[in-house]
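> need a 3D model of the following:
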Amino acid sequence: MKAEVDKSLCVGHALCWREAPDVFPLDDEGYNELGGQGPVTIAPEHEEAARDGASWCPEQAIQLSE
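Residues are numbered from 1 along each chain as shown. Below you'll find the predicted structure:
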């Protein structure tokens, strides 16, 4: 699975981090650290957490792909 975070949509609610801190770390300003990095590979053991974290994003800034 890959995750991509649209930095322009992330407003720093940190709900993704609350649900999946090992998958979606925050930067020093409280935004998803993966924003703007392009697709990032998610380890198989973190896929369920990634789905949970992405589902909590009110802006739908996180896109997951298989």
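> center of this protein, which residue is that?
Phe24 (4.5 Å; C-alpha atoms, centre = their mean).
> hang on, isn't it packed against Cys16?
Yes. Counting by C-beta atoms under 8 Å, Phe24 touches Cys16, with 4.1 Å between them. The C-beta positions use only the backbone N, C-alpha and C, and glycine is treated the same way.
> which residues do those two both contact?
Asn32, Gly53, Ile62 (C-beta atoms under 8 Å, 6 or more residues apart in numbering).
> which of those fall within helices?
Gly53 (DSSP state H).
> list just the nearest of the shared contacts of Phe24 and Cys16 to His46.
Gly53 (9.4 Å; C-beta to C-beta).
> residue contacts, that closest one?
Leu15, Cys16, Trp17, Arg18, Glu19, Ala20, Val23, Phe24, Ile62.
> so which of the residues you listed wins on neighbours?
Phe24 (29 neighbours; other C-beta atoms under 10 Å).
> what backbone torsions are found at that one?
phi -120, psi 80 (degrees, to the nearest 10).
> can you pull the contacts of it?
Ala3, Val5, Cys16, Trp17, Asn32, Glu33, Leu34, Ala50, Gly53, Ile62.
> okay, those in JSON lines with pLDDT and distance to Thr41 next?
Listed next are the contacts of Phe24 as JSON lines, based on pLDDT from 0 to 100; distance: C-beta to C-beta, whole Å:
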{"residue": "Ala3", "pLDDT": "98", "distance to Thr41": "8"}
{"residue": "Val5", "pLDDT": "97", "distance to Thr41": "13"}
{"residue": "Cys16", "pLDDT": "97", "distance to Thr41": "17"}
{"residue": "Trp17", "pLDDT": "98", "distance to Thr41": "19"}
{"residue": "Asn32", "pLDDT": "96", "distance to Thr41": "16"}
{"residue": "Glu33", "pLDDT": "95", "distance to Thr41": "15"}
{"residue": "Leu34", "pLDDT": "94", "distance to Thr41": "11"}
{"residue": "Ala50", "pLDDT": "98", "distance to Thr41": "10"}
{"residue": "Gly53", "pLDDT": "97", "distance to Thr41": "15"}
{"residue": "Ile62", "pLDDT": "98", "distance to Thr41": "14"}
